[in-house]
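Enquirer: sharing a model that was predicted from the sequence below.
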Amino acid sequence: MMDPLKVRDVREWTQAVGDDADYLDYLSQQAGLGEWAAFSRAFMPRFVEVEGCVLWDRVYEPDNFRTWHERLRGDATSIEAMLNRFRLALYIDIPEDPDSEAAAHALAEEIARSWHSCLHDAFPDRSFHVTATETEDGPVVSFTTVR
């Protein structure tokens, strides 16, 4: 499990504040209700089922789905693999140092664990392959249905 105190910003802030400050104290000073709500959706997303494909609701757009459905000849696993990707570096500024890169990968693993649980809750009769993969562009969380 990820230790937020290994992330430089959190560690430095909690050390400066002292008094047993921790990650929750850090968040209480850095994030408001809107940020908390957005974080919750990042960790607990919603999903839609379209023509046998389970998709992250954020990536589902009918015209784009139709394009990939045609291009991939209706192969549901390939469609899911193409669309169900959360590239952390698109949304998070990840400093290029070993500690930050390790923290970003640990975060991706936490998100993947959470997504796996959410997928199981939403589709209890199915199995999913959920991964946190390191790429040239940073960590990517993705999933496909096990068929």
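Expert: Structure's in. What do you need? Numbering: from 1, shown residues only.

Enquirer: next one: Trp115 from Glu35, what distance?
Expert: 20 Å (Cβ to Cβ, to the nearest Å). Just so you know, the C-beta spots here come from the backbone N, C-alpha and C atoms, and that holds for glycine as well.

Enquirer: likewise Met44?
Expert: Met44 is 15 Å from Glu35, by Cβ to Cβ.

Enquirer: give me the neighbour count for Glu35.
Expert: 11 (other Cβ atoms under 10 Å).

Enquirer: Three-state assignment for it, please.
Expert: Secondary structure, DSSP: H, G, I helix; E, B strand; the rest coil: Glu35 is helix.

Enquirer: now it: how far from Asp9?
Expert: Applying Cβ to Cβ, the value for Glu35 to Asp9 is 14 Å.

Enquirer: again with Gln30
Expert: 8 Å.

Enquirer: my read: Ala21 touches Val10, true?
Expert: No - using Cβ atoms under 8 Å, Ala21 makes no contact with Val10, being 9.6 Å away.

Enquirer: in terms of neighbours, single out the busier of these two.
Expert: Val10 (20 against 17).

Enquirer: for the residue of the chain positioned farthest from its centre, pull up the helix or strand it's in.
Expert: Going by Cα atoms, centre = their mean, the residue of the chain most distant from its centre is Asp19, 32.0 Å out. Here Asp19 sits in a region with no helix or strand, counting by DSSP states H and E.

Enquirer: and the strand or helix carrying Val130, how far from the chain's centre?
Expert: Element membership for Val130 (DSSP H and E) is strand 128-135. Relative to the centre of its chain, strand 128-135 is centred 10 Å away, using Cα atoms, centre = their mean, to the nearest Å.
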